[in-house]
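S.K.: the following comprises the amino acid sequence and a computationally predicted model.
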Amino acid sequence: SKELGRNSFQLYKASMNARSLERLSMLSRFQSALEGGEFELHYQPLRCLTSGRIMSVECLLRWQDPNLGTISPAQFIPLAEELGLIVKVDQWVINEACRQMAQWLKEGLDIRRIAINISASHLSQGDLVMTMAKALEQHNLDGRYVELELTETSFVSNLHDAKVLLKKLKNLGVSIALDDFGTGYSALSYLTKLPIDILKIDASFIAKIPDEYGNSEIVTAIVAMAKALNLHVVAEGVEKSVQQKFLQKLGCHTMQGYHYCRPLPQSDWLNFYRSQRGL
Ligand code: C2E
Ligand code: CA
Ligand code: CA
Ligand code: CA
């Protein structure tokens with residue numbers, strides 16, 4: 001009826017207003033969080049499954065709101081994407097990660113790379129190559145100490161553009177990891193068409209080891225394929241020793257997950273590193 005239509009329109013209008021208000025306040029909240037030091041990086045080590053040594057460390061963004069406490073990136077990254085702020089967030093992370101890695105190297109830390117997550121929507125909105133180049137230069141860091149983690153969503157829209165972009169990044173010396181592998185829908189052929197170095201098997205596959213029917217076979221096949229393509233293969237979300245053993249037997253190169261170490265704030269991570277090295 002007419003009445004119903006009008007009511008639902010009023011409702012729609014009200015929720016629109018609430019939404020735009022929310023957007024506005026989120027925008028200013030983000031801005032002040034970036035400027036006011038409410039963002040920080042936590043670090044999770046990746047462990048070599050043959051030597052047992054720490055290979056690299058992934059930085060994971062944390063937002064410490066003075067009132068709300070820690071806000072998870074799963075909550076605020078999609079919001080930052082929607083508000084058009086993801087490039088700013090990623091730029092902050094890239095800069096902070098390069099600064100941190102340069103400092104660790106000065107202090108004698110023996111790790112190969114720091115891994116940085118890049119949002120898929122970054123690629124259409126910002127100049128990732130320029131941001132990366134600037135950060136490396138500013139912190140006097142060799143690009144070989146950096147790994148960028150991208151998801152296949154970043155590549156699907158235009159394979160040719162993706163190839164050009166990845167080549168430019170590789171010219172800076174950085175490595176490219178394909179994050180959350182196995183969760184997307186694109187053809188596997190892009191694995192041979194793009195200059196990818198590292199494949200990270202999504203945690204959802206690892207979580208189902210050893211119980212779920214067919215799952216171990218899928219993981220076995222992914223590891224075999226990655227190795228045949230000369231890709232470095234990482235298992236994410238390893239929580240149990242049975243999973244670590246299974247991956248070791250497959251010849252998976254690297255593991256990451258709570259079983260070895262949770263993401264830690266900088267000082268805790270350094271303590272963990274030193275204890276692992278017997279320092
Ligand atoms: P991701 O890149 O796939 O990161 C792995 C997530 O799994 C992290 O969640 C990590 O804390 C968590 N994790 C690690 N080991 C285990 C485990 O054994 N079990 C379980 N259940 N979880 C584990 P987190 O830190 O909440 O980050 C969520 C997602 O937010 C990330 O997924 C990434 O897509 C995004 N993200 C995080 N930091 C950044 C960033 O600096 N920039 C961008 N653009 N995205 C980020
Ligand atoms: Ca990641
Ligand atoms: Ca992942
Ligand atoms: Ca992810």
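M.R.: Nice, I can see it. Ligands and ions are numbered 1, 2, ... in the order given.
S.K.: who's in contact with the spatially most central residue of the chain?
M.R.: Nearest to the mean C-alpha position of the chain, by Cα atoms, centre = their mean, lies residue 117 at 3.1 Å. Contact criterion Cβ atoms under 8 Å, 6 or more residues apart in numbering gives 58-61, 93, 149, 179 as the residues in contact with residue 117. For the C-beta atoms, the positions are set from N, CA and C on the backbone; glycine is no exception.
S.K.: now with 6 Å?
M.R.: Residue 117 makes contact with residue 149 under the criterion Cβ atoms under 6 Å, 6 or more residues apart in numbering.
S.K.: what of the one 3 residues further on?
M.R.: Neighbour list for residue 120: 151, 153-154 [criterion: Cβ under 6 Å, 6+ apart].
S.K.: the helix or strand bottoming out on mean pLDDT in the chain: what's the following helix or strand?
M.R.: Lowest on mean pLDDT, DSSP states H and E among the helices and strands of the chain sits helix 2-35, with a mean of 66. Counting by DSSP states H and E, the next helix or strand C-terminal to helix 2-35 is strand 39-48.
S.K.: rewinding a little: just give me the closest of the contacts of residue 120 to residue 247.
M.R.: The shortest approach to residue 247 among the contacts of residue 120 belongs to residue 151, at 21.3 Å (Cβ to Cβ).
S.K.: quick one: that closest one and residue 180 touch, right?
M.R.: Yes. Between residue 151 and residue 180 a contact is recorded at 5.2 Å, counting by Cβ atoms under 6 Å.
S.K.: do any residues in the one helix or strand residue 115 maps to lie close to ligand 3?
M.R.: Residue 115 is part of strand 113-117, with elements assigned from DSSP H and E. No. Judged by Cβ under 5 Å from the ion, strand 113-117 stays clear of ligand 3, getting no closer than 8.1 Å.
S.K.: work out the gap between stretch 73-81 and the centre of the chain.
M.R.: In terms of Cα atoms, centre = their mean, to the nearest Å, the centre of stretch 73-81 is set 13 Å apart from its chain centre.
S.K.: what mean pLDDT does that stretch have?
M.R.: For stretch 73-81, mean pLDDT is 89.
S.K.: contacting residues around that stretch?
M.R.: 61, 63, 86, 89, 121.
S.K.: could these be laid out in a markdown table, adding secondary structure?
M.R.: Formatted as a markdown table, the contacts of stretch 73-81 follow (DSSP: H, G, I helix; E, B strand; the rest coil):
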| residue | secondary structure |
| --- | --- |
| 61 | strand |
| 63 | strand |
| 86 | helix |
| 89 | helix |
| 121 | coil |
